[in-house]
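A.B. asks: Here's a sequence, model it:
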Amino acid sequence: MTYTDFTFEPLGEINGNPIEICISTEHRFGTDAFLLADFSHARHKDMCADFCTGSGIIALLLQKFYQPKHIYALEIQEKAHEQLKISLERSVISNITPVLTDLKNWRSGKELDLITCNPPYKINNTGAKNDSEAVSIARHEMMCTVEDVCSAAKKNLKFGGRLCICNRPERLCDIITAMRKNGIEPKRMRTVHKNPDCPPWLVLVEGKKGGSNFIQIEKPLYVRTKDGGNSEEMMRIYGLA
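C.D. replies: Next comes the predicted model:
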């Protein structure tokens, strides 16, 4: 299959080698990808997976900022999968494996240290869907729910392994319930605000497989200042500070 709407955006460098990400009309990326990659705190020794990877932005950011041992990047939509393959070829990255699969059926073969997921935010059959089916799949739980993500994480994480999820604040109860149902204890949470005067726009949650009952609520993250510029923390997260 040939696609004609691919464009490329620079993501900086790894050890002097430029990174480019392939994007399309349906499969782009936003600030939430940078927020989740930063929140995950991946380690060099980690075996990782990024569920619902889309264009592969989170996998690429994990590689850029943390360079973990290996990253499996799972996506169910073929076009997004092809975009990541192109990005890896152009950026000469070998330790990210793009996997075209339904995460509900996937097994890593080796227990993982970290799974990240920026899942569809909206419950299926709620809100208006986009004219593009691909965009609707990415935004609505048409093919993957929070419960599916946590169930798949349970099957692939090692004991003590971490699942980091980004979602809307109104889905927080769903996230915590699904994590606990699958033996993944919520351990860390942070709200994200567009500026200091706004209510939360996103929530970041980390759960640990087999963890004890204790959650740390971190200080709020403000994307912009009251004057409208990027906050100091966002400049750091973007790699500009």
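
A.B. asks: what's the following helix or strand after the lowest-mean-pLDDT helix or strand in the chain?
C.D. replies: Comparing helices and strands within the chain by mean pLDDT, DSSP states H and E singles out helix 133-139 as the least confident, with a mean of 48. Sequence-wise, the next helix or strand downstream of helix 133-139 (DSSP states H and E) is helix 146-156.

A.B. asks: I'd like the average pLDDT over that following helix.
C.D. replies: Helix 146-156 shows a mean pLDDT of 97.

A.B. asks: Could you do stretch 74-88 as well?
C.D. replies: For stretch 74-88, the per-residue pLDDT values average out at 96.

A.B. asks: remind me which residues of the chain are low pLDDT?
C.D. replies: Counting by pLDDT under 70, the chain shows low-confidence ranges at 1-2, 122-142.

A.B. asks: just the strands in it please.
C.D. replies: Across the chain, reading from the start of the chain, the strands by DSSP state E fall at 7-14, 17-23, 47-51, 70-75, 96-100, 112-117, 157-167, 184-193, 200-209, 216-217, 221-222.

A.B. asks: Name the strands paired with the longest one and say parallel or antiparallel.
C.D. replies: Paired neighbours of strand 157-167 in the sheet (DSSP bridges): strand 112-117 (parallel), strand 200-209 (antiparallel).

A.B. asks: So which of the strands of the chain is nearest Ile57?
C.D. replies: Distances from Ile57 to each of the strands of the chain were compared using C-beta to C-beta; the minimum, 6.1 Å, belongs to strand 17-23. The C-beta positions use only the backbone N, C-alpha and C, and glycine is treated the same way.

A.B. asks: which of the residues in that closest one are buried?
C.D. replies: Within strand 17-23, the residues that count as buried by 16 or more other C-beta atoms under 10 Å are Ile19, Glu20, Ile21, Cys22, Ile23.

A.B. asks: doesn't Phe6 make contact with the fourth one?
C.D. replies: Yes. With the criterion set as C-beta atoms under 8 Å, Cys22 and Phe6 qualify as a contacting pair; they are 5.3 Å apart.

A.B. asks: which residues are common contacts for these two?
C.D. replies: Common contacts of Cys22 and Phe6 (C-beta atoms under 8 Å, 6 or more residues apart in numbering): Gln83, Ile86.

A.B. asks: could you dump the strands of the chain to CSV with distance to Asn230?
C.D. replies: What follows is the strands of the chain, written out as CSV (distance: least, C-beta to C-beta, whole Å):
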stretch, distance to Asn230
strand 7-14, 16
strand 17-23, 20
strand 47-51, 24
strand 70-75, 27
strand 96-100, 27
strand 112-117, 23
strand 157-167, 19
strand 184-193, 13
strand 200-209, 15
strand 216-217, 24
strand 221-222, 10
